[in-house]
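Colleague: sharing a sequence plus its predicted fold:
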Amino acid sequence: MQTNILAPLPDIRSTRPKKGAVVITGVAGYHQMDGFSCGASLVGTIVSAYIGRLDFLAWSKIVEKTDPCRTDGTPTRRVLASLRDWGFTPSRISSFGPDSVGAALAEGNLVLSCLQMPRQSEGETHWVALVGASEDRVLVLNCTGIPLFTKRWMSWDDARALRDPDEPTYSVDTGLLEWVADRRPHLQCNNSR
């Protein structure tokens, strides 16, 4: 029996590629159901982008492996272990900026990072996926919020100010460039200036 968790969220006009941007489209966030399972929701987002909607068993496997906790949230080691269990290869990227994030996206890799979100206490961070980058902006996919508003472009300066300096940023090798064109997600580059 398959249980649909939440319907995927469509890309909306404001998330289309900006000039000189690379964007991975077709990735829709699964909303976290509490204040501490953002890592599980992020893993669910990545897995669902490649296998379609998550059934109950797939979602259960993600929650079991990431083991979100009210006091610790979802630690990095459990997010990375869950991604590896699904066959993805996460690795640290050198810096949090347009060159390294854009290069990872151009290779078809999703990028994960921890940001301090509004209304979070000091020291609390939130897992997000970076699905687009241009020279001056980054497209952040957040697994919380009102549907259709979970992706937004923000300046690199704003993103750097929100980024948890103690957490590395990770590129997740999804094998996207090896996928055939009629599968989702897709890599879209807008090189017009």
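Modeller: Received, thanks. Numbering: from 1, shown residues only.

Colleague: what about residue 168, helix or strand, and which?
Modeller: Counting by DSSP states H and E, no helix or strand carries residue 168.

Colleague: quick check: mean pLDDT across stretch 72-81?
Modeller: The pLDDT scores in stretch 72-81 average 88.

Colleague: distance from it to the middle of the chain?
Modeller: Centroid separation for stretch 72-81 versus its chain: 14 Å, with Cα atoms, centre = their mean, to the nearest Å.

Colleague: now the end-to-end length of it.
Modeller: Taking Cα to Cα, to the nearest Å as the measure, stretch 72-81 stretches 16 Å from start to finish.

Colleague: what does it contact?
Modeller: If you take Cβ atoms under 8 Å, 6 or more residues apart in numbering as the criterion, stretch 72-81 is touched by 36-40, 42-43, 65-68, 90, 112, 114, 124-125, 127, 167-168, 170. Where C-beta positions appear, they are placed from N, C-alpha and C, glycine not excepted.

Colleague: in terms of secondary structure, what does the top helix by length along the chain contact?
Modeller: Counting by DSSP state H, the longest helix found in the chain is helix 38-51. With contacts taken as 3 or more Cβ pairs under 8 Å, 6 or more residues apart in numbering; DSSP states H and E, helix 38-51 sits against helix 56-66, helix 76-85, strand 110-115, strand 126-133.

Colleague: could you export that helix as PDB, CA atoms only?
Modeller: Written as PDB, here are the backbone C-alpha positions of helix 38-51 (Å, rounded to 0.1, in the frame of the first residue of the first chain):
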ATOM      1  CA  CYS A  38      14.300  19.500   8.700                       C
ATOM      2  CA  GLY A  39      17.100  17.000   8.000                       C
ATOM      3  CA  ALA A  40      14.600  14.200   7.400                       C
ATOM      4  CA  SER A  41      12.500  16.400   5.200                       C
ATOM      5  CA  LEU A  42      15.500  17.400   3.200                       C
ATOM      6  CA  VAL A  43      16.500  13.800   2.600                       C
ATOM      7  CA  GLY A  44      12.900  13.000   1.600                       C
ATOM      8  CA  THR A  45      13.100  15.900  -0.800                       C
ATOM      9  CA  ILE A  46      16.200  14.600  -2.500                       C
ATOM     10  CA  VAL A  47      15.000  11.000  -2.600                       C
ATOM     11  CA  SER A  48      11.500  11.900  -3.900                       C
ATOM     12  CA  ALA A  49      13.100  14.000  -6.700                       C
ATOM     13  CA  TYR A  50      14.600  10.700  -8.100                       C
ATOM     14  CA  ILE A  51      12.000   8.100  -7.200                       C
END
